[in-house]
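# any chance you could fold what I've pasted below:
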Amino acid sequence: MDQHLTVVDHPMVQHKLTYLRDETTPTNHFRQLLRETSQLLAYEVTRNLEMTTKSIRTPMVGMESPVVAGKKMALVSILRAGNGLLDGVLDLIPSARVGFVGLYRDEETLKPVKYYFKVPSHLDQRLVIAVDPMLATGNSSAAAIDMLKEAGATNIRFLCLLASPEGVARMKEAHPDVPIVTASLDERLNEKGYILPGLGDAGDRMFGTK
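Model prediction:
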């Protein structure tokens, strides 16, 4: 994962993304699709993990077999919409530690405002995967990564469902060392900072709020 942006064009990811975008998809189906899609994206974001081996015995012989090296990974949800990706990633990495960064976007300034921060210990010894469905302006995501680095994280990857060119550029400028994995690089942002064509507000669609 040496490139800054990876767009996962796997057919099943793109198929599920179509139904996530569709405004007629009901809340319960949206949540299930988000969980399924995030699990597929998690395969890509965990590519090239550092590995070691352990001694085991199969029913036939002893062998040295590969396992992931180091401390348990840390998954960090950027609230509240990040929680929609969390379950799918945890399905793949059930032993991961979980943290939360609470940010909301001021609708006037489009700037992030912090209201909660709780993350696992020893972030400097863990791979940290930050999750948020939408990389729109990139301001909230960049601010969340700032906080994670201040808490000691040095090996961070960012997982999102959709990204805008503006958000990718903002993240690359602020955190060129943090690779981004997404299902789609969309066209642009509208005047309110929403991704086009996008899928609307991920949190509202996930939780049935407006």
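# report the buried residues of the lowest-mean-pLDDT helix or strand in the chain.
Least confident helix or strand, the chain: helix 202-207 with a mean of 86, by mean pLDDT, DSSP states H and E. Of the residues in helix 202-207, 202-203, 205-207 count as buried by neighbour count, 16 or more other Cβ atoms under 10 Å. Placement of C-beta: from N, CA and C, glycine included.
# same thing with stretch 188-204?
Quick answer for stretch 188-204 (16+ other Cβ under 10 Å): 189, 193, 195, 198-199, 202-203.
# and stretch 103-120, by the same measure?
103, 112, 117, 119-120.
# biggest separation within these, which pair?
The span of the buried residues of stretch 103-120, defined through Cβ to Cβ, is set by 112 and 120 at 21.6 Å.
# check the protein for me, the residue farthest from its geometric middle.
In the chain, counting by Cα atoms, centre = their mean, residue 60 sits farthest out from the average C-alpha position, at 39.9 Å.
# how close does it sit to residue 66?
Remark: distance between residue 60 and residue 66 (Cβ to Cβ, to the nearest Å) = 18 Å.
# tell me the pLDDT of residue 48.
Per-residue pLDDT puts residue 48 at 87.
# quick check, it in a strand?
No. Looking at residue 48 with DSSP: H, G, I helix; E, B strand; the rest coil, it is coil, so not inside a strand.
# please work out the average pLDDT along the helix of greatest length in the chain.
Longest among the helix segments of the chain by residue count, using DSSP state H, is helix 27-45. Average pLDDT, helix 27-45: 94.
# roughly how far is that helix from the heart of the chain?
Distance, stretch centre to chain centre, for helix 27-45: 11 Å (Cα atoms, centre = their mean, to the nearest Å).
# what do you get for stretch 42-59?
Taking mean C-alpha positions (Cα atoms, centre = their mean), stretch 42-59 and its chain are 21 Å apart.
# over to stretch 13-28?
Per Cα atoms, centre = their mean, the centroid offset for stretch 13-28 relative to its chain is 18 Å.
# ok, residues contacting that stretch?
29-30, 33-34, 36-37, 40-41, 161, 183-184, 197-200, 205-208 (Cβ atoms under 8 Å, 6 or more residues apart in numbering).
# mind checking which of the buried residues of stretch 103-120 are in strands?
Among these, DSSP state E puts 103, 112, 117 in strands.
# report the lowest-confidence entry in those.
Lowest pLDDT among those: residue 112, 76.
# my read: it touches residue 139, true?
Yes. Using Cβ atoms under 8 Å, residue 112 is in contact with residue 139, at 5.3 Å.
# so where do the strands sit in the chain?
Using DSSP E, strands in the chain cover 5-7, 51-57, 62-68, 74-79, 97-105, 112-118, 127-131, 134-135, 155-159, 162-163, 180-182, 184-185, 188-189, 195-196.
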